[in-house]
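> Kindly generate the corresponding structure for this input.
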Amino acid sequence: MAGSALPAQENQAKRLASIVGVAVEEYAKAVDDRGKLVSQDEYDETSGFLADAREIATRLNSYDAATTRAILDSLIDLVARKQPPAVARELHQHFLTSIGTAGAMDLPTVPLDAREGRQLYLSTCATCHGMTGAGDGAQAHTVSTAPPGIGVQRLTPELTPTLAYNVISVGVRGTAMPGFSSTLTPQQRWNIINYLYALRGEPLVIPSAKADATRIAGDTASPVIMALLDSALDFARNGKTAEAGDRAFDAYIAFEPLETPARAKKPGLVATMERHFADFKGALKRSDLAAAIQSRNAIADGLPSVVDLTQQPSGRWEAFFQSFLIILREGFEAILVIGAVVAFLIKTGHRERLRSIWLGIAFGLVASLATAVVLKTLLAAMPASREIVEATTMLIAVVVLFSVSYWLISKVEAAKWQKFIRDKVSAALEHGGGKALALVAFLAVYREGAETALFYQALFNEGPSVGVPLALGIVVGFAALAVIFTLFYRYGVRIPMRPFFTVTSLLLYLMAFVFMGKGVRELQEGNIMPITVIPGAPHIEALGIYPSMETLIAQAILVVLLVFATVKTFWPGHKPAGEGAER
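I've put the predicted structure just below:
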């Protein structure tokens, strides 16, 4: 063992999966196929394992943690009602699907070493289980529960490689059998099992379960990320806050190459991971080691699923729906903004200005493609280049959207006088207002366009088999957006003038509010702006609300400006210029 690498800290999802796996196996020995109790001891062990599992599940922070806990609760209830073991096994499969790759069993990564397996068995197991595994070791008579004959097939016919691995990993509750996940690597545990099966006279059949994605040959991102996070914790423990923050940023940069292909398939998971990275960095800044460790463990739980998404080729139908949803998801915000602007121009009788809008959209598409190429080539080596580009774009959009929103809301009162509005809007458009609206269209497209291009680049790289489904998804997605856009501005034109100006200005303001939060967040992820996490503050991704001091202050400024614009417009006695002439 002296020459073996020490095992990394096992993530909570893996430990949880092992404990539940043992519990389900024990339950099959406690209750028969009709739900009749046949062994109270085995049933008590099952209940104990599930109680341990529920306690660990409360600390689970993975993307699907809520679903995993709900399935575990159903399994606990099923055991309490003594349902047949077949029902428990079926629910166990749903549990494993929910916990995903993060809880997958670690399989051997190199050929098994029979010599090391024998040495490890003799040094860690033989004192209780005996030299031949017959349960007759020197200390077998001193423990409260007699050790089973794991090395004799007729004594333990129910022992499977999976059960053996899980028991060696987590131990047996209420007995002298400890868990070895913290002292033996997965490879060493499999070497012991290999020796056990030699004692049993049986061939060892390695489970066909999928290997942990962090151990797929050629992948280096996961161990690098976790090593950097642990290094950051070490610096924090030694009071070196600045160095800890740098390591936390390095860990996020190591995660960034996984981000685009994974976000294209499961954006919610990636958003959750980004939040954990931000929480980790914020906890280090305020020297909250407990919170930092919790965030570190949450990243460890979710990371295998992210890596898995980057290495799983999409099927044809899956590729089609991913492509369709990307266009729909990324284009919808742009449609909201552009639809409002187009309806506004039509409603105020300025169809001739639509050309500026179409040009803004075209330039936005071209700029998006160009930016995607630059990010993939010239800026590929620049840390957090995508975050910086996105942040800059969004913050420029905030200024433009808010100014246009204010300009529109200042006309709400005047909307009672149709002629006045047409005159004032015409004058405003003649003095550069049209360029501002075109810029809004450009930014609406460009904000999401570059990232969308990167998404598709990642998906098309999966191979020629998905090319046609992805292309069809793009076509169908654009068609759906065209329908949404058509409905938006046609029905928008029918809205009475005053409500229309109000709704349009508030919509543009809402977009500015969201972009402000997300823009500051991108700067934080790019290490351009510090992050001060506010524990317990709300996190609403759709509104760009994040639990950090910097993002909330920036959005608070926009709220103050909106209140100021509204009060200035509707304050008693305030009259827009020209109102008296129209009366």
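> Could you find the closest non-adjacent residue to P267?
Leaving aside its chain neighbours, P267 sits nearest to R329 (7.2 Å; criterion: Cβ to Cβ, 6 or more residues apart in numbering). Heads up, the C-betas are built off the backbone N, CA and C, glycines and all.
> so that neighbour is in which element?
helix 316-347 (DSSP states H and E).
> Quick one: list the elements packing against that helix.
Secondary-structure packing of helix 316-347 (3 or more Cβ pairs under 8 Å, 6 or more residues apart in numbering; DSSP states H and E): helix 241-265, helix 354-376, helix 434-460, helix 467-493, helix 497-525.
> Just want the angle from it to helix 354-376.
Interaxial angle, helix 316-347 versus helix 354-376 (axes from the mean of the first three to the mean of the last three Cα atoms, to 10 degrees): 140 degrees.
> Could I get the buried residue list for helix 316-347?
319-320, 322-324, 326-328, 330-331, 334-347 (16 or more other Cβ atoms under 10 Å).
> Tell me, how many residues neighbour the residue nearest to A17 when sequence neighbours are not counted?
Ranked by Cβ to Cβ, 6+ apart and with sequence neighbours excluded, the top spatial neighbour of A17 is G103, at 3.4 Å. Applying other Cβ atoms under 10 Å, we find 26 residues neighbouring G103.
> swap in L481?
For L481, the neighbour count with other Cβ under 10 Å is 19.
> dump the residue contacts of the residue nearest to it when sequence neighbours are not counted.
Excluding the flanking residues, the one nearest L481 by Cβ to Cβ, 6+ apart is G331, at 4.7 Å. Counting by Cβ atoms under 8 Å, 6 or more residues apart in numbering, G331 touches 448, 452, 477-478, 481.
> pLDDT added to the residues you listed, as a markdown table?
A markdown table is the format used below for the contacts of G331 (pLDDT from 0 to 100):
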| residue | pLDDT |
| --- | --- |
| E448 | 67 |
| T452 | 72 |
| G477 | 80 |
| F478 | 81 |
| L481 | 80 |
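> re the thing from before, isn't the residue nearest to A17 right next to G21, touching?
No. Shown here, G103 and G21 do not form a contact pair, counting by Cβ atoms under 8 Å, at 9.4 Å.
> quick one on the thing from earlier: and the residue nearest to P267, how far is that from V483?
Distance from R329 to V483, counting by Cβ to Cβ, to the nearest Å: 16 Å.
> where does the stretch 51-200 of the chain have low pLDDT?
Applying pLDDT under 70 to the stretch 51-200 of the chain flags the ranges 61-63, 101-102.
> which stretches of it form helices?
65-80, 85-99, 114-124, 126-129, 161-170, 186-200 (DSSP state H, counting those that start in this stretch).
> What are the contacting residues of the first one?
With Cβ under 8 Å, 6+ apart as the test, helix 65-80 has contacts from 16, 20, 23-24, 27, 46-47, 50, 53-54, 57-58, 60, 62, 87-88, 91-92, 94-95, 98-99, 301.
> Counting neighbours, what do you get for T145?
Neighbour tally, T145, other Cβ under 10 Å: 12.
> Could you do V167 as well?
V167: 23 neighbours (other Cβ under 10 Å).
> Tell me which helix or strand the nearest residue to it once chain neighbours are set aside sits in.
Nearest non-adjacent residue to V167, counting by Cβ to Cβ, 6+ apart: V22, 5.9 Å away. In this assignment (DSSP H and E), V22 forms part of helix 12-30.
> Just the angle for that helix relative to helix 186-200, thanks.
With the same axes, to 10 degrees defining the directions, helix 12-30 sits at 20 degrees from helix 186-200.
> and helix 12-30, what's its mean pLDDT?
Throughout helix 12-30, pLDDT has a mean value of 87.
> now for that helix, which elements pack on it?
Judged by 3+ Cβ pairs under 8 Å, 6+ apart, the packing partners of helix 12-30 are helix 40-57, helix 65-80, helix 85-99, helix 161-170, helix 289-311.
> out of the ones you listed, nearest to M177?
helix 161-170 (7.0 Å; Cβ to Cβ).
> where's G239 relative to F249, distance?
For G239, the distance to F249 (Cβ to Cβ) stands at 19 Å.
> returning to what we had before: now the contacts of helix 65-80: which count as buried?
With burial judged by 16+ other Cβ under 10 Å, the buried subset of the contacts of helix 65-80 is 16, 20, 23-24, 27, 46-47, 50, 53-54, 57, 60, 62, 88, 91-92, 95, 98-99, 301.
> and T132, how many neighbours does it have?
A count of neighbours around T132, defined by other Cβ under 10 Å, yields 14.
> List the residues that contact the spatially closest residue to it that is not a sequence neighbour.
Spatial nearest neighbour of T132, chain neighbours left out: G151 (5.4 Å); criterion: Cβ to Cβ, 6+ apart. Taking Cβ under 8 Å, 6+ apart, we find G151 in contact with 129-130, 132-134, 196, 199-200.
> What of G360?
437-442, 445.
> now do 10 Å
Contact analysis of G360 by Cβ atoms under 10 Å, 6 or more residues apart in numbering lists 338, 341, 435, 437-446.
> measure it to E243 for me?
From G360 over to E243 (counting by Cβ to Cβ), the distance is 45 Å.
> do Y195 as well
44 Å.
> V563: neighbour count?
10.
> If you average the pLDDT over the strand or helix carrying it, what comes out?
Secondary structure from DSSP H and E places V563 in helix 549-570. For helix 549-570, the mean per-residue pLDDT is 82.
> With just CA atoms, put it into PDB.
The C-alpha coordinates for helix 549-570 follow below in PDB (Å, rounded to 0.1, in the frame of the first residue of the first chain):
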ATOM      1  CA  MET A 549     -23.800  42.700  -3.300                       C
ATOM      2  CA  GLU A 550     -22.400  44.000  -6.600                       C
ATOM      3  CA  THR A 551     -25.300  42.700  -8.800                       C
ATOM      4  CA  LEU A 552     -28.000  43.800  -6.400                       C
ATOM      5  CA  ILE A 553     -26.500  47.300  -6.100                       C
ATOM      6  CA  ALA A 554     -26.300  47.700  -9.800                       C
ATOM      7  CA  GLN A 555     -29.900  46.600 -10.300                       C
ATOM      8  CA  ALA A 556     -31.000  48.900  -7.400                       C
ATOM      9  CA  ILE A 557     -29.500  51.800  -9.300                       C
ATOM     10  CA  LEU A 558     -31.700  51.000 -12.200                       C
ATOM     11  CA  VAL A 559     -34.800  50.800 -10.000                       C
ATOM     12  CA  VAL A 560     -34.000  54.200  -8.600                       C
ATOM     13  CA  LEU A 561     -33.600  55.600 -12.100                       C
ATOM     14  CA  LEU A 562     -36.900  54.100 -13.100                       C
ATOM     15  CA  VAL A 563     -38.700  55.700 -10.100                       C
ATOM     16  CA  PHE A 564     -37.100  59.000 -11.000                       C
ATOM     17  CA  ALA A 565     -38.200  58.800 -14.600                       C
ATOM     18  CA  THR A 566     -41.700  57.800 -13.600                       C
ATOM     19  CA  VAL A 567     -42.000  60.500 -11.000                       C
ATOM     20  CA  LYS A 568     -40.700  63.100 -13.400                       C
ATOM     21  CA  THR A 569     -43.200  62.100 -16.000                       C
ATOM     22  CA  PHE A 570     -46.300  61.800 -13.900                       C
END
